[in-house]
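> Structure for this input, please:
(one chain, ligands or ions: 1)
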Amino acid sequence: MATLINKIEDQDARQICRHHGDREENLLEILHAVQHMSGYISDSALRTVAQALNISRADIHGVVTFYHDFKREPQGKVTIKICRAEACQAMGADDLIREAEAVFGTQLDAPNIDVKLEAAYCLGNCALGPAVLIGDDLYGRVDVKRLQHLSLQHSEGRQA
Ligand code: FES
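Have a look, this model is predicted:
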């Protein structure tokens, strides 16, 4: 059964497709726009895009799953990416992840409405590990206390 949110997402996805000429070669731009609008690409939006571009859902699904930046589930209010690459691991990234999971009551890569924790593999801040990315903001030498503080600032919409 279609919900009101599905219906709105469908209309928005349809409008985005129209804006891009309903052309298959614009699929990536369309998917980015849909995700920007809703924060993720719902089944309903995926179906709408497939119909508008006259391509199979399997084809779009393949594209969405190939690019890790596309999300298929609603994201948390704050998404925290914690670097797990070598330099950050040497500086305690795995401990930070364990502590963050306990503090935020979630697991790495699990959907969560408030705070979503994701693994990253080198954020280009190797000298200042553990490195963390929240939104577009990169932080270095992050411990769990600072992470809580930064998360709170980002969820309140302030710059940290
Ligand atoms: S290894 Fe973590 S930022 Fe490069």
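> if I've got this straight, residue 141 is in a helix?
No: judged by DSSP: H, G, I helix; E, B strand; the rest coil, residue 141 forms no part of a helix; its state is coil.
> residues near it, how many?
14 (other Cβ atoms under 10 Å). Every C-beta, even on glycine, is put in place using the N, C-alpha and C of the backbone.
> Please report the distance of it from the ligand.
Counting by Cβ to the nearest ligand atom, to the nearest Å, the gap from residue 141 to the ligand is 11 Å.
> And for the residue nearest to that residue when sequence neighbours are not counted, the neighbour number?
What sits nearest to residue 141 in space, not counting adjacent residues and going by Cβ to Cβ, 6 or more residues apart in numbering, is residue 128, at 5.2 Å. When neighbours are counted by other Cβ under 10 Å, residue 128 registers 16.
> Isn't residue 128 up against residue 93?
No: checked against Cβ atoms under 8 Å, the pair residue 128 and residue 93 is beyond contact range at 11.8 Å.
> List the single closest residue to residue 16 in space, sequence neighbours excluded.
residue 33 (4.6 Å).
> which residues touch the one you found?
16, 19, 20 (Cβ atoms under 8 Å, 6 or more residues apart in numbering).
> average model confidence for stretch 16-25?
Mean pLDDT, stretch 16-25: 95.
> Ok, stretch 51-61 next?
In this model, stretch 51-61 has a mean pLDDT of 93.
> What residues sit buried inside that stretch?
For stretch 51-61, a neighbour-count test (16 or more other Cβ atoms under 10 Å) marks 52, 53, 60 as buried.
> So which of those residues are in helices?
When these are checked against helices (DSSP state H), the matches are 52, 53, 60.
> now, which of the residues you listed lie close to the ligand?
The subset of those within reach of the ligand, by Cβ under 6 Å from any ligand atom, is empty.
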